[in-house]
Each structure stands twice: as structure tokens, then as C-alpha cells.
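Enquirer: coordinates for the following, if possible.
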Amino acid sequence: MKNINRLAVVFKEKDVYNRDIAKHLNKSEETISRWVNNHRQPSLNDLDEIAKYLKVDIRDLLNPSDFSKFQNT
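Expert: Numbering: from 1, shown residues only. Got it, this is the predicted structure:
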């Protein structure tokens, strides 16, 4: 299995850049870059904020899947 960083994939799918996430979270672009390049991992709180900003399920930032079919909306 390839070592795929879901943050990088989802950012690309949503057409957002590290600078967009950095601004939203009030973090440096360097911090976001470290997350995207697997040099560091974001906290659960940061993942939650990213998920809200991107309007995705937080689990999609961790593992690719179609979680929307399991939601009761």
C-alpha cells in the first residue's frame, strides 16, 4: 500500500492551498506543509477545523471512503 497523505489529496480535490488552510487555522504555511508532507501530524482539533472548513467528514482526511452514504441526514 502506498503512503498517501490524505490531506494533500483532499486539498487538491477541494482546490485549496496550504496558505488557505494556514490562514483559516491561524498557523504558518510551514506547519501546514509539514502536515501535508508527513513530517508532522495535525491535532484532532486541527483536523476537525480543516474538515469543517472543507465541508468534508473528518474521517475522509484520514482514510478515503464514501462516509456520506452512512450519514442520517
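Enquirer: count the residues that sit near the spatially closest residue to Ile32 that is not a sequence neighbour.
Expert: The shortest distance from Ile32 to any non-neighbouring residue, by CB to CB, 6 or more residues apart in numbering, is to Asn18 (4.1 Å). (C-beta placed from N, C-alpha, C; glycine too.) Asn18 has 21 neighbours, counted by other CB atoms under 10 Å.
Enquirer: same thing with Lys55?
Expert: The tally of other residues near Lys55 (other CB under 10 Å) stands at 7.
Enquirer: state the distance from it to Pro42.
Expert: Separation of Lys55 from Pro42 (CB to CB, to the nearest Å) stands at 17 Å.
Enquirer: in this protein, which spans are helices?
Expert: Applying DSSP state H to the chain gives helices spanning 6-14, 18-25, 29-36, 44-54.
Enquirer: for Lys27, give me its contacts.
Expert: Each residue near Lys27 by CB atoms under 8 Å, 6 or more residues apart in numbering is listed here: Ile21, Asp46.
Enquirer: burial count for the residue lying closest to Arg40 once chain neighbours are set aside?
Expert: Counting by CB to CB, 6+ apart, Arg34 is the residue found nearest to Arg40 once chain neighbours are left out, at 4.1 Å. For Arg34, the count of nearby residues is 16 (other CB under 10 Å).
Enquirer: going forward, the N-terminal residue is numbered 39.
Expert: Yes, from this point I'll number from 39; that puts the last item at Arg72.
Enquirer: what's the least confident helix or strand in this structure, going by average pLDDT?
Expert: Ranked by mean pLDDT, DSSP states H and E, the weakest helix or strand in the chain is helix 44-52, scoring a mean of 94.
Enquirer: tilt between it and helix 67-74?
Expert: Calculated by axes from the mean of the first three to the mean of the last three CA atoms, to 10 degrees, helix 44-52 forms an angle of 110 degrees with helix 67-74.
Enquirer: buried residues, helix 44-52. List them.
Expert: For helix 44-52, a neighbour-count test (16 or more other CB atoms under 10 Å) marks Leu45, Val48, Phe49 as buried.
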